[in-house]
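> give me the fold of what follows.
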Amino acid sequence: MMMMMHGNIRLASRRLSNRYLLAVNPNVKTSFLLLNRMCDAERLNSCRTLHGTDEISFLPTKEKTVPFICSNSFFTQLSARNPNFSRAFSSGKNGGDDSTEWTEDIVYLDETGDVIFSGKGIRSVEPGLDDHVMIGGLKKPFSNASAVSKIVEIVKRWKWGPQMETQLDKLHFIPNMSHINQALKEIGETDASVSLFRWAKRQPWYSSNDESYVLLFDRLNQSRDFEGIQSLFDEMIRECVNSNNEISSFTAYNRVIQHLARAEKLEVSFCCFKKIRDSGCKIDTPTYNSLITLFLNKGLPYKAFEIYETMEEAACSLDAATYDLMIPSLAKSGRLDPAFKLFQEMKEKGFRPNFSIFSSLIDSMGKAGRLDTSMKVYMEMQGFGLRPSATMYVSLIESFVKAGKLETALRLWDEMKKAGFRPNYGLYTMIVESHAKSGKLEVAMSVFSDMEKAGFLPTPSTYSCLLEMHSSSGQVDSAMKLYNSMTNAGLRPGLSTYTSLLTVLANKKLVDVAAKILLEMKAVGFSVDVSASDVLMIYIKDGSVDLALRWLRFMGASGIRTNNFIIRQLFESCMKNGMYESAKPLLDTYVNAAAKVDLILYTSILAHLVRCQDEQDERHLMSILSATKHKAHSFMCGLFTGPEQRKKPVLSFVREFFQGVDYELEEGAARYFVNVLLNYLVLMGQINRARCVWKVSYENKLFPKAIVFDQHIAWSLDVRNLSVGAALIAVVHTLHRFRKRMLYYGVVPRRIKLVTGPTLKIVIAQILSSVESPFEVSKVVLRAPGDSVLEWFKKPIVQQFLLNEIPSRADILMHKLNTLFPSSAPEIRSLSPPKPLVMVKEM
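Here you go, the predicted model:
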C-alpha cells in the first residue's frame, strides 16, 4: 500500500505541477513540491508554505515518508480512512504512548518527481506553544526571516480587525518584539501597522519597546496623521505610568515632538514637550532645535529663547540651522544682548555665520543706536569674505544719519556707490535732509544735484528742508531758486515752506517779493492771514514802522485781515517813534474792532503827552486820548474843570474814580496811571489836585509800604518806586503829615528817613535844600534827626512850602522830569500789567 501511494505521488507530481505550491525547506533551503492528492481543488489551493496556517503531516511508506502540506480537514479524512493514525506534535504531546521521535526517512521530490533530498522528517508544531520544529530528535528554531515573513503576510492579507488577530493568534510559533519591529518596517500601511502593534501589546510576551514606537510615529507622520501621533503618544505615556518603569522610549518621545514641530502644530508639540519634560525624560538636541525653529517661525522669539534657556540647563546646544534662525529673530525682536551672545557662541563652536545673521545684527544694532557694535560686526562680516548688500548699506547709513554721525554716513555712502550699488530714493532724501538740517548746505546741495541727475524727483519735504535751511541762514537767493525749481517741477510747497520763505524775505525787507509769494500762497488755497500777520510782526519787532504800515496797507488791499494784538503792537510802535498822525487811524481800527482800550494803553498815551514838547504833537495826542473812549479820559477832563462843572470837590471826585477801579485785575495798571498822572499834574502846576490823587491812592493801598511809622524810633518815606512827579508830591504830602504829628501830638521820632534811591536822590535833595532842610544826603537815603526836623517844621517858609505849592524852580524840575521820568517811557512796559516798582528800580 505504501508503494502504491509512493507511485501515485510521482504520477501526480508530473501531471498537476501547475496546481502545486512551492515551499522552502528551512534545512536545505531547496524548493520542493507538496501534494494533497486526497484533497479536492479547493483544499489544494489553500495549501501554503511550511510556516503557514496549515500543518505538516507525514504519510509513512514502507521505507520512506513523503512530506506534503494539507489542511486540518485532511487529517479528519485521513483518520476516517486510517483509524490507527495519530497526530504527533513537536511539543511532545501525542495521541498515544509511542515516542514522538521519527526514525523514517522523508523523500523530497521536485516537480518532475525526482528525488531532491531525503532525510529525517519535520514534525508539526502546536500553534502558540512551540517556537521550534523537530528534525528527528533535534529541535530546530524558526528563522527570524520566516517568522517575520509569515506575520507580514497575514497583516497584508487581513489588514486589520478580528480576522487578522485570529490568524495572528494561530501562528505556529511564539513571536517576539524583534519580529514585530521587523514586520512594522516591511508593512507599508499605517492602519495595518498600528493594528499589528496593538495586537502585540495584548500578548503576554509583549515588552515596551522604543523602536516600535519610533517606527509607528514615523509611519503616522508620513501619512500626516497627527491626531494618530497624539493618540499613540498618550498611550505611550499611560503605559509608562501604569508600568511604573523608567522611561525607555527616549527616541520615540523626541520623535513625536520633532514630527509635530515640523508640522507646525504649536500647541500640541509644546504640550507634549511639557509632558515629557515633567516626566523626567531627557530631550535631545534635535528636539530642542525643532521646537525653537517652530516658535521662531510663528513669530514668538521670546518663547523660543525660553526653550533655549531650558536647553542650556539640559547641556544641549544649538545646531547651525537653529543658530541661523535664532540669532536674526532675537535681534529683530530687540533682544540684542542674547543675540550677540549666541553669535559669539556660534563662532566659538566653529559654525560659520551666514549673511542673514550678519545682516540682522548690523541692522538691529544700528537701529538701537549701538553703532560701534554694528560697525564691528560689519567689519567682521567682510573678514568672512561676505559682500554687503544694498539693504545693509541703507540700514547702516540710516543708523548713522539718525545718530548725527554724518561723516561716517557719508563715508558709507561713497563706499556703497563704489561697490556698484545705486542709492535709492529714500536714501538720497535722507542724506540731503540730514545734511541740510545740520547746516552743511554745500554737501546737501551736492547730493541734491546728484539726486536730480540720477533721475529722482525730490519730494516737497526735501525741497522744503533745503529751502527752510537756506532761509534760516539768510541765503535768500538760494531759497528763491529752490522755490522756483519746486514750483516749476509741479510740486506744491507746504505751509512751513511758505512761512520760511516769507520770513527770510521779511528779514531782508523785500516787501514786494514777499507780497508776491503771499498772493501765490493764497492762490493755492492756503489761509494767509496768520502768515501775513507774522510778516507784519517781523517788521514791527525790527522797528521798521514804515514797512509795517506799508505791509498793513497791502494786507487791507488784498482782503487779508490781521488781529487786534498786532494792530496794538503797530500802534505802540508808531507812538514810540513819534508817528502820532499814523497812530490815530490804527487806534480807530482797534476800537472799531470791539477791542477794549485798557488802563495801561491809555496811561502809555498819557505818558507820551507828558513828554511831548511840540504843540502839533500835543493836539494829535489829545485826539488819540479822546479816541480811546476810556473812563480815565473822562476823569482827566473832569479833573481840570471847575467845581461848578464837576459838582463836587476834587478829593471826592478823585475818590469816586478810584473806587471804580478793579484792584484785583488792575492794581499794577492803577499804580502806573497814578505815577504818570502825578507827573502830568506837576508839570501842569496842579499841585493841590496832585496831592489829592496821591492821598486817595495811598488810602487805596496802591503804595502800602511807602510810609512807615516806627513809633518813637524812626519814620520813613520810600519813594524809590515812584515817578519824579509822584515822588515830589509824596515827599511834600508826607512831610506835612509828619509835621502835624510832631507839632500837634508831640510825638518826635529819633530820626526821619527819605528813601529815594540813586535816581530820585538829586531831585528831592535840590527841592528840600531850597528851604534849608536838615536832611543829609547819603547814597540812597536822605536822613535827619527828629529834633532837627521838628525845629525845621516850625519855620514859616517850611509851613508855606508844605501847605501851598512847591517853590518855583521850573527849569530844574522840567529838566529832571524829561530826563528822569521813569514811568512815561513806553518802551519799558509790556502788555501785561507793569511792575512799576521793578521798572523804576531798574532805571
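> so the most centrally placed residue in the chain, which of the three states?
In the chain, the centroid-proximal residue (C-alpha atoms, centre = their mean) is Gly334; its distance is 10.5 Å. Classification of Gly334 by DSSP: H, G, I helix; E, B strand; the rest coil places it in coil.
> surely it meets Ala368?
Yes. In this structure, Gly334 is within contact of Ala368 by C-beta atoms under 8 Å, at 7.3 Å. Placement of C-beta: from N, CA and C, glycine included.
> only C-alpha atoms, please: export stretch 489-505 in PDB.
Extracted C-alpha coordinates of stretch 489-505, given in PDB (Å, rounded to 0.1, in the frame of the first residue of the first chain):
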ATOM      1  CA  ALA A 489       8.500 120.800 -11.100                       C
ATOM      2  CA  GLY A 490       4.800 120.900 -10.400                       C
ATOM      3  CA  LEU A 491       5.300 120.400  -6.600                       C
ATOM      4  CA  ARG A 492       3.200 122.400  -4.200                       C
ATOM      5  CA  PRO A 493       5.100 123.900  -1.300                       C
ATOM      6  CA  GLY A 494       3.800 123.300   2.200                       C
ATOM      7  CA  LEU A 495       2.800 125.800   4.800                       C
ATOM      8  CA  SER A 496       6.100 125.600   6.500                       C
ATOM      9  CA  THR A 497       8.000 126.200   3.300                       C
ATOM     10  CA  TYR A 498       5.900 129.400   2.500                       C
ATOM     11  CA  THR A 499       6.400 130.500   6.100                       C
ATOM     12  CA  SER A 500      10.200 130.100   6.000                       C
ATOM     13  CA  LEU A 501      10.400 131.900   2.600                       C
ATOM     14  CA  LEU A 502       8.200 134.800   3.800                       C
ATOM     15  CA  THR A 503      10.300 135.100   6.900                       C
ATOM     16  CA  VAL A 504      13.600 135.400   5.100                       C
ATOM     17  CA  LEU A 505      12.000 137.900   2.600                       C
END
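> quick one, phi/psi of the residue nearest to Phe343 when sequence neighbours are not counted?
Closest residue to Phe343 apart from its sequence neighbours, by C-beta to C-beta, 6 or more residues apart in numbering: Ile327 at 5.6 Å. Note on Ile327: its backbone torsions stand at phi -60, psi -50 [degrees, to the nearest 10].
> cool, and Phe709?
phi -110, psi 110.
> beta partners of it?
Listed beta-bridge partners, Phe709: Trp715 (assigned using DSSP bridges).
> that one touches Trp715, doesn't it?
Yes. Phe709 is within contact range of Trp715, at 5.5 Å (criterion: C-beta under 8 Å).
> looking at the two, which is more packed in?
Each of Phe709 and Trp715 has its neighbours counted (other C-beta atoms under 10 Å); Trp715 has more, 25 against 14.
> contacts only, for that one.
Ile707, Val708, Phe709, Phe738, Pro749, Arg751, Ile752, Lys753, Gly786 (C-beta atoms under 8 Å, 6 or more residues apart in numbering).
> give me the buried subset of the residues you listed.
Ile707, Phe738, Pro749, Arg751, Ile752, Lys753, Gly786 (16 or more other C-beta atoms under 10 Å).
> filter those down to the ones in helices?
Phe738, Gly786 (DSSP state H).
> in strands, which of the buried ones among the contacts of Trp715 fall?
Cross-referencing these against strands under DSSP state E gives Ile707, Arg751, Ile752, Lys753.
> just so I have it, where are all the strands in the chain?
Under DSSP E, the chain gives strands at 21-24, 31-34, 55-60, 64-70, 105-109, 115-120, 132-135, 138-141, 707-710, 714-718, 751-755, 776-777, 781-785.
> may I have the strands that pair with the shortest one, each with its orientation?
Based on DSSP bridges, the strands next to strand 776-777 in the sheet, each with its direction, are strand 781-785 (antiparallel).
> show me what counts as buried in the strand it pairs with.
Val781, Leu782, Arg783, Ala784.
> what do you get for stretch 586-600?
Within stretch 586-600, the residues scored as buried using 16+ other C-beta under 10 Å are Leu586, Leu587, Thr589, Tyr590, Val591, Ala595, Val597, Asp598, Leu599, Ile600.
> average pLDDT for stretch 747-762?
Throughout stretch 747-762, pLDDT has a mean value of 88.
> so who does Gly786 touch?
Trp715, Met742, Val748, Pro749, Arg750, Arg751, Ile752.
> err, Val650, not the other one
Val650 neighbours (C-beta under 8 Å, 6+ apart): Leu639, Pro643, Asn688, Arg689, Cys692.
> of the residues you listed, which is the nearest to Ser461?
Of all the contacts of Val650, Leu639 has the smallest distance to Ser461: 62.9 Å, by C-beta to C-beta.
> looks like the closest one contacts Arg689 (just checking).
Yes. Contact criterion C-beta under 8 Å: Leu639 and Arg689 qualify, at 6.0 Å.
> give the residues shared as contacts by those two.
In contact with both Leu639 and Arg689: Val650, Val654, Leu681, using C-beta under 8 Å, 6+ apart.
> what is the burial count for the second one?
In this case it means Val654. Counted with other C-beta under 10 Å, Val654 comes out at 23.
> list the contacts for it?
Leu639, Arg689, Cys692, Val693, Val696.
> distance check, it against Asn181.
With distances taken as C-beta to C-beta, to the nearest Å, Val654 is found 121 Å from Asn181.
> Ser544 versus Val535, what's the distance?
For Val535 relative to Ser544 (C-beta to C-beta), the value is 11 Å.
> ok, these two, which is more surrounded?
Val535 (27 against 17).
> can you count the residues close to Asn688?
13.
> give me the nearest residue to it, chain neighbours excluded.
Closest to Asn688 by C-beta to C-beta, 6+ apart is Val650, at 7.1 Å.
> where does this protein dip in pLDDT?
Where the chain drops to pLDDT under 70, the residues are 1-105, 119-143, 160, 170, 172, 223, 240-249, 278, 280, 804-843.
> try it again at 50.
1-99, 247, 806-816, 818-843 (pLDDT under 50).
> and Leu639, what is it in contact with?
So Leu639 contacts Val650, Phe653, Val654, Leu681, Gln686, Arg689 (C-beta under 8 Å, 6+ apart).
> what distance do you get for it to Ser472?
Counting by C-beta to C-beta - Leu639 and Ser472 are separated by 53 Å.
> next: Lys159.
Taking C-beta to C-beta, one finds Lys159 at 87 Å from Ser472.
> does Ile605 touch Ser623 like I think?
No. Counting by C-beta under 8 Å, Ile605 sits too far from Ser623 to count as a contact (10.3 Å).
> wait, doesn't Tyr108 sit right on Phe117?
Yes. Using C-beta under 8 Å, Tyr108 is in contact with Phe117, at 4.2 Å.
> more neighbours, those two?
It is Tyr108, of Tyr108 and Phe117, that has more neighbours when counted by other C-beta under 10 Å, with 20 against 15.
> how much space separates the more buried one from Ser149?
21 Å.
> over to Glu380?
Counting by C-beta to C-beta, the gap from Glu380 to Ser149 is 61 Å.
> could you count how many residues lie near the closest residue to Thr503 other than its chain neighbours?
Spatial nearest neighbour of Thr503, excluding adjacent residues (C-beta to C-beta, 6+ apart): Ser471 at 6.2 Å. The tally of other residues near Ser471 (other C-beta under 10 Å) stands at 25.
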